[in-house]
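1. no sequence on hand, only this structure:
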């Protein structure tokens, strides 16, 4: 691709992505601009590097199979302050916990989520579905043919990842064996104080009951 043509294509990519609401797939950009998909991906990667080198407050990110502009991770505190100021639409801890279970265990039924959480998850599942974070993927082949849920395209976009494989491994959130052992020791009753008390009782002199005076 000639330099002049590459510059024009680059500008067109920027213009399209600037007005796009959802991530735009490389093959769609290729069709619109009538250039090979490989050239689109190469130009997008060049844009990614240029923005990072220039220290911009935004990045070009590949998300959910397409490209979109989003704020730079370093600017998250300011963006969060702007977006969440005066709003109360954040997910509750129960909703976040349920969403994590679905994300890592999908496809999964409501009953299975409830079993893992130890509480009824129907209400939270409905909320997540209404928000567009999860949706019905299939039906269980077992008795009852329960609906099986998984995360949606909206979930990938919100998480800023291209595919589920980009989720951090669960091992990053599981404490090590030494931590688990320490927790178990803390929860276990300490037998030594009980033994010491028992020893003190055994060693204490036993007072003889008073005897009646003899005449």
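-> Thanks, I have the structure now. Please read these numbers as outputs of a predicted model, since none were measured by experiment.
2. need the contact partners of whichever helix or strand residue 50 is part of.
-> Element membership for residue 50 (DSSP states H and E) is helix 37-54. Residues outside helix 37-54 that contact it (C-beta atoms under 8 Å, 6 or more residues apart in numbering) are 1, 6, 9-10, 13-14, 26-27, 29-30, 33, 58-62, 67. Bear in mind the C-beta positions are built from the backbone N, C-alpha and C, glycine included.
3. next step: those restricted to strands.
-> Among the contacts of helix 37-54, the ones falling in strands (DSSP state E) are 58-62, 67.
4. quick one: low-confidence parts of this protein?
-> The model of the chain has pLDDT under 70 over residues 1, 83-89, 173-177, 179-215.
5. quick one, which of the ones in strands among the contacts of helix 37-54 are buried?
-> 59-62, 67 (16 or more other C-beta atoms under 10 Å).
6. export those residues as TSV, with columns for distance to residue 125.
-> Below are those laid out as TSV (distance: C-beta to C-beta, whole Å):
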residue	distance to residue 125
59	33
60	34
61	29
62	29
67	31
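7. tell me the one among those nearest to residue 131.
-> residue 61 (21.5 Å; C-beta to C-beta).
8. identify the residues contacting the nearest residue to residue 111 once chain neighbours are set aside.
-> Distances taken as C-beta to C-beta, 6 or more residues apart in numbering place residue 146 nearest to residue 111, at 6.4 Å, with adjacent residues excluded. Counting by C-beta under 8 Å, 6+ apart, residue 146 makes contact with 109-111, 139-140.
9. filter those down to the buried ones.
-> 109-110.
10. just the ones of the contacts of residue 146 in helices?
-> Applying DSSP state H to the contacts of residue 146, the entries found in helices are 110-111.
11. grab the nearest non-local neighbour of residue 23.
-> residue 66 (3.1 Å).
12. who touches the one you found in this structure?
-> Going by C-beta under 8 Å, 6+ apart, the list of residues near residue 66 reads 22-26, 28.
13. mind doing that once more with 10 Å?
-> With contact taken as C-beta atoms under 10 Å, 6 or more residues apart in numbering, residue 66 is in contact with 17, 20, 22-29, 44, 153, 156-157, 162.
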